[in-house]
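**Q** One predicted model, sequence on top.
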Amino acid sequence: QKEVEQNSGPLSVPEGAIASLNCTYSDRGSQSFFWYRQYSGKSPELIMFIYSNGDKEDGRFTAQLNKASQYVSLLIRDSQPSDSATYLCAVRTSYDKVIFGPGTSLSVIP
Amino acid sequence: EAGVAQSPRYKIIEKRQSVAFWCNPISGHATLYWYQQILGQGPKLLIQFQNNGVVDDSQLPKDRFSAERLKGVDSTLKIQPAKLEDSAVYLCASSWDYSGNTIYFGEGSWLTVV
């Protein structure tokens, strides 16, 4: 079992729709969870992080964490073409390693 | 605040040659990471330092890769000898403490092995 898994993608949504990105992790003792956005040819940039069960909102982005199910998601409301990128889920494990998932490619169609 | 600096940005070498990448983290950041990102994949942690010490290097191919962080600041990642499958972007990142909160990435060093 891989440490961090994500939807294989690519995911296509129309402009203005909600994009839903999912991530599961294997280490039950993981402490922190991050969502990064990576444009083609660029480095990852942090969108949000979440530590506690529940939802965390920041503008059009909402991160959801369910530690019992070992599941974290990112919702993007009112998706824009500029949101088209690869979204990386990262997890700080109980061993303090920061592990990334394979990423989900999102395409927002105008 | 200056970001994470990496050099060189691009490197093309022949297989069996050697290459070294340099990273200067954000000032004051205790933790430094080297990730390898192959096209179409997520970043793979090669080595994680906290100050001078190694937190994890379980994924570092130690027969050909080496990394050091002198005086808890700059770091160098070396590959010798390089293989075709080492073609990737090598991302250096840093964060304030070992918890990994808000990891900041450099622009990456693109390696092509021919």
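**A** Sure thing, it's come through.

**Q** Not counting its neighbours along the chain, what's nearest residue A:108?
**A** residue A:79 (4.5 Å; C-beta to C-beta, 6 or more residues apart in numbering or on different chains). Just so you know, the C-beta spots here come from the backbone N, C-alpha and C atoms, and that holds for glycine as well.

**Q** surely the one you found meets residue A:21?
**A** No: between residue A:79 and residue A:21 there is no contact under C-beta atoms under 8 Å: 11.0 Å.

**Q** tell me, what's touching the two both at once?
**A** residue A:106 (C-beta atoms under 8 Å, 6 or more residues apart in numbering or on different chains).

**Q** Point out where chain B drops to low pLDDT.
**A** B:1, B:98-100 (pLDDT under 70).

**Q** Up against chain B, what does chain A have?
**A** Residues of chain A lying close to chain B (C-beta under 8 Å from any C-beta of the partner chain) are A:4, A:6, A:31-32, A:34, A:42-46, A:49, A:88, A:90, A:92, A:95-103.

**Q** Just name the shakiest helix or strand of chain A by mean pLDDT.
**A** strand A:98-100 (a mean of 91; mean pLDDT, DSSP states H and E).

**Q** ok, and what's touching that one?
**A** A:3-4, A:25, A:34, A:36, A:44, A:88-93, B:33, B:35, B:42-45, B:48, B:100, B:103.

**Q** Measure how far that strand is from the centre of its chain, please.
**A** Offset of strand A:98-100 from its chain centre (C-alpha atoms, centre = their mean, to the nearest Å): 12 Å.

**Q** Could you do stretch B:68-83 as well?
**A** Taking C-alpha atoms, centre = their mean, the mean C-alpha location of stretch B:68-83 is offset from the chain mean by 7 Å.

**Q** buried residues in that stretch?
**A** Across stretch B:68-83, burial judged by 16 or more other C-beta atoms under 10 Å in any protein chain shown covers B:69, B:75, B:77, B:79, B:82.

**Q** can you tell me if that stretch touches chain A.
**A** No: using C-beta under 8 Å from any C-beta, stretch B:68-83 never reaches chain A; the gap is at least 15.8 Å.

**Q** give me the beta-bridge partners of the residue lying closest to residue A:83 once chain neighbours are set aside?
**A** In space, and not counting its chain neighbours, residue A:83 is closest to residue A:108: 5.1 Å by C-beta to C-beta, 6+ apart. Per DSSP bridges, the residues bridged to residue A:108 are residue A:13.

**Q** can you check residue A:5 too?
**A** Bridge pairing for residue A:5 - DSSP bridges - gives residue A:24.

**Q** List the contacts of it.
**A** By C-beta under 8 Å, 6+ apart, the neighbours of residue A:5 are A:23, A:24, A:25, A:101, A:102.

**Q** Need the per-residue pLDDT for the second one.
**A** What the model reports for residue A:24 is a pLDDT of 96.

**Q** That one and chain B: what is the separation?
**A** Taking C-beta to the nearest C-beta, to the nearest Å as the measure, residue A:24 falls 14 Å from chain B.

**Q** Isn't that residue up against residue A:66?
**A** No: Residue A:24 lies out of contact with residue A:66 (C-beta under 8 Å); the separation is 9.9 Å.

**Q** More neighbours: the two, which one.
**A** A side-by-side neighbour count of residue A:24 and residue A:66, using other C-beta atoms under 10 Å in any protein chain shown, places residue A:24 first with 20 against 12.

**Q** residues touching the more buried one, list them.
**A** Counting by C-beta under 8 Å, 6+ apart, residue A:24 has contacts A:4, A:5, A:69, A:70, A:71, A:72.
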